Each structure stands twice: as structure tokens, then as C-alpha cells.
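Novice: predicted structure and sequence below. I'll ask about it afterward.
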Amino acid sequence: MFTFMTMNDPRWDKLAEIFCRSTKIKRGDKVLIEAIDLDALPLLYAIYRRAIELEAISVDYIVSLTDLERHLLQYGTVEQLNFSTKWELVRMKEIDVYMVIRARMNGLVFTDISPEALKAHRLAGKEVIDERVNHTRWCLTRVPTDFDASSAGMSTQEYLEYYFNAVFQDYELMEKRNNALKALMEKTDYVRIKAPGTNLGFSIKGIPAVSCHGDLNIPDGEVFTAPVWNSMNGVIHYNVDAIYDGHIYSKVFFTIKDGKITKAGCDQGEDAINALLDIDEGGRYFGEFAIGTNRGIPRPARNTLFDEKIFASLHLTPGQCYSNANNGNNSAIHLDLVRILSSEYGGGTIWFDDVPVIINGEFVHPDLQILFALNMTKL
């Protein structure tokens, strides 16, 4: 386990400062920190200490254990699931700031849970998630674990360094870069993507673009919008594995007609992904289109919070849209899936209104080249 090996690493205090700055903690705030599994404790300690120093009037914390959540899903009733989320909603409505530290001790812990139980769990928790996203100042990360290191094909120490390289970015410079991409997105009507196994087009006209540069996700680095919900047609093959609700989804592909996924498949997890997409009416429509802008993530690691930020990659997400880039899609899922466009991953091109923006993992649009050619510096 990472916890005891890294408890005194001073980088946790540095990261806690980023969390408290991004959520704008001030005197009198009511703060809740949730640590999911024990490897989250070093950062929990650091954030708690910093929030107290900033004179939040209440700094509370929860330590949640995924194995107990699994037991509830395996043996609990729908009534028990609904009641547990009822208390979560009451608590969420009382706080100003929510920070969650996820430690993925075993990303496959829900593998043997029935699709019906997972669906009930997601539907029961949707109101809590909506309250958190729309009515608190929130931030999250997924701290290193042995499972993450193994999934990424790295040693424990190598993964720890991978993590800190990703999270400690010059977010002020990132904001300047992102704002240039955001402005270009907001002038764009039609997006076209072509890569091996991928030929796709859709409109983003009239939907705001949002820069993410160290505010909600740590690590951060993306600009997102959403497709006009019924405008998408074509096929897409993703080339980064995803782990979601205890299942590995490898080499996912979709066929899309008038915005709806009419066929979904993958090399691993095909039955599970179709069950997930059928969770509700919005599951087979898309809620997000985003481009990654973090240079500190050199390769995918089967950890979507990181993989989706890879520089000049894209993610195109079935399910719930965000309220600040609202295309009307409402769903209990938000399944971020990533396509890397660099040459070593097969290459690919994104066009905005027939002008190339990214070719083989590099920004080539004239409005972006100068900013995006600069080297990203560390804090």
C-alpha cells in the first residue's frame, strides 16, 4: 500500500494547497473531505490541515471503504440503496466545498455485481452527484495505489512520480492555452474526426466551451463542450482502455446515427458496456466532447481521470452533459472514453469547419500554434 510509504511526502502539502485554492476555501466555509479507501489518507491529512489554517468554520471528513460499498451492492435491497443516498443528499446540501480523494485499491471490485444492482446504485446516486456538481465548489483526484501502478504497467515508485508529474502543472499557462482553444471551439459549427477505424462528424454550434485548468479535476487540462445531441453520425474506435464500475472496456467502438449509438462493441466488456448504455434514455447519446491539454501525462495508464487529459487527445462521452455545456442530455452515466491521436497510436486528424486543428497529436491550427508550441513548465 502507498499510504504508509508516502505519508510524510511534502508533495501532499503542495497538492493540498492546489485543492484549497481551486475550491476557493475562505473563512466561514463548511468543508467536507471524502477519502475513498486508505491510500487516500496522506492527502486527506494535508487538505484537512490547510482548510483549518484557512479558517473554514467546519472541516468534516469521511473515510469510505469500497469493499463495504460492494457488500451493499451485492446483498442490499433497492430500498437500502435509496436510503443510503438520501443521507448523502442531505449532507451535500449543507456544505459549501466538497473534495473527494479516490484511492482505487481494486478497480475491478464491482466485477461480479449484477448489472441490475449497478443500475439501481447509479440511479439512486444521481441526485447527489447533480447537487455536488451544480451547487458546491468541488474538486477531486485519484491518488496512486498499487492497483493503479500495476494497471499502468509501472512499478510503485514509478507510478508515484508519474502522478506528481501529472498534477503539478503550470495551470496559469494552461489557462492561457485553453482559452485560445475555447475561443476557437465557440466559433466552430462542425467537427470532423478521422483516424483508423474512425470517421465521425457532429455539430457543436451554440454550445459553450469550458476551460479546465486546475479547478475541478487534479490533474487537469482539457477544454470541453458537447455535441448538438442529434447531429452526430459515423463510427469511432477508441484506443485507450477504460475501467468503469468494475469492468475493463478495451478497444471500444460505436456506430452512431443521428446522435444515438446504434451499435456498441469492444474486445473486452461488450455485454457490460451495452447494459451500461441502456441504463436510461440518455445513455446512448453523447454529453461531452473534449480535447486534452496536459503535457505532463506521457502515456495512458488505464486511469481515465489522467488519460483524458493527454495532450491533443480527444474524449467523446456517452451520457450526462455538464450544465455549463448543456446539450440537453440527462443520464445517470458519464462514460469518458479516450482516443489518442499521436502517430504512435495510429494518428488522426480533427477539423473544425474543415480547417485542421490537430494532426497526429499536434495542434496545427494557426490560432493555436504559438501558445501550444511552448513547453509546459512545472509549478
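Specialist: Cool, the structure landed. Residues are numbered from 1 along each chain as shown.

Novice: quickly list the domain ranges of the chain.
Specialist: Here the domain parsing of the chain from automatic domain parsing is 3-167, 171-373.

Novice: hey, which of the ones you listed is tucked in deepest?
Specialist: Highest mean neighbour count among the domains of the chain (mean count of other C-beta atoms under 10 Å): domain 171-373, with a mean of 20. Quick note: C-beta positions are derived from backbone N, CA and C, even for glycine.

Novice: what's the mean pLDDT across it?
Specialist: For domain 171-373, mean pLDDT is 96.

Novice: what's the span of that domain from first residue to last?
Specialist: Taking C-alpha to C-alpha, to the nearest Å, domain 171-373 runs 16 Å from one end to the other.

Novice: phi, psi for the residue lying closest to Asn82 once chain neighbours are set aside please.
Specialist: The spatial neighbour of Asn82 that comes closest, neighbours along the chain excluded (C-beta to C-beta, 6 or more residues apart in numbering), is Ala124 at 5.0 Å. Note on Ala124: backbone dihedrals following degrees, to the nearest 10 are phi -70, psi -30.

Novice: need the strands for the stretch 101-250 of the chain, in chain order.
Specialist: 137-143, 190-195, 198-203, 210-212, 217-218, 222-225, 233-237, 242-244, 247-249 (DSSP state E, counting those that start in this stretch).

Novice: give me the distance between Leu41 and Thr145.
Specialist: Leu41 sits 12 Å away from Thr145, taking C-beta to C-beta, to the nearest Å as the criterion.

Novice: can you map out the helices along this structure?
Specialist: Listed in chain order, the helices of the chain (DSSP state H) span 3-6, 11-22, 41-53, 66-75, 78-94, 115-135, 146-151, 156-167, 171-186, 270-277, 304-307, 369-373.

Novice: list the contacts for Cys266?
Specialist: Tyr249, Ser250, Lys251, Val252, Phe253, Ile273 (C-beta atoms under 8 Å, 6 or more residues apart in numbering).

Novice: which one among those gets closest to Ala195?
Specialist: Phe253 (11.7 Å; C-beta to C-beta).

Novice: what about the closest residue in space to that closest one that isn't next to it in sequence, distance to His121?
Specialist: Ranked by C-beta to C-beta, 6+ apart and with sequence neighbours excluded, the top spatial neighbour of Phe253 is His237, at 4.5 Å. Per C-beta to C-beta, His237 is found 29 Å from His121.

Novice: same question for Leu54.
Specialist: 34 Å.

Novice: ok, now Gly319?
Specialist: Gly319 sits 15 Å away from His121, going by C-beta to C-beta.

Novice: point out where the stretch 1-150 of the chain drops to low pLDDT.
Specialist: 1-6 (pLDDT under 70).

Novice: so Phe202 touches Phe289, yeah?
Specialist: Yes. If you go by C-beta atoms under 8 Å, Phe202 and Phe289 touch, sitting 7.4 Å apart.

Novice: what's the overlap in contacts for those two?
Specialist: Between them, Phe202 and Phe289 share these contacting residues under C-beta under 8 Å, 6+ apart: Val191, Pro227.

Novice: so which residue is smack in the middle of the chain?
Specialist: By C-alpha atoms, centre = their mean, the chain has its centre lying nearest to Leu305, at 4.2 Å.

Novice: distance of that one from Val143?
Specialist: Per C-beta to C-beta, Leu305 is found 10 Å from Val143.

Novice: kindly report the same for Gly214.
Specialist: Taking C-beta to C-beta, one finds Gly214 at 17 Å from Val143.

Novice: gap between the spatially closest residue to Ser211 that is not a sequence neighbour and Phe363?
Specialist: Once flanking residues are discounted, Ser211 sits nearest to Asn178: 3.7 Å by C-beta to C-beta, 6+ apart. For Asn178, the distance to Phe363 equals 12 Å [C-beta to C-beta].

Novice: same check, this time on Ser155
Specialist: 32 Å.

Novice: do Glu186 as well
Specialist: Glu186 is 17 Å from Phe363, by C-beta to C-beta.
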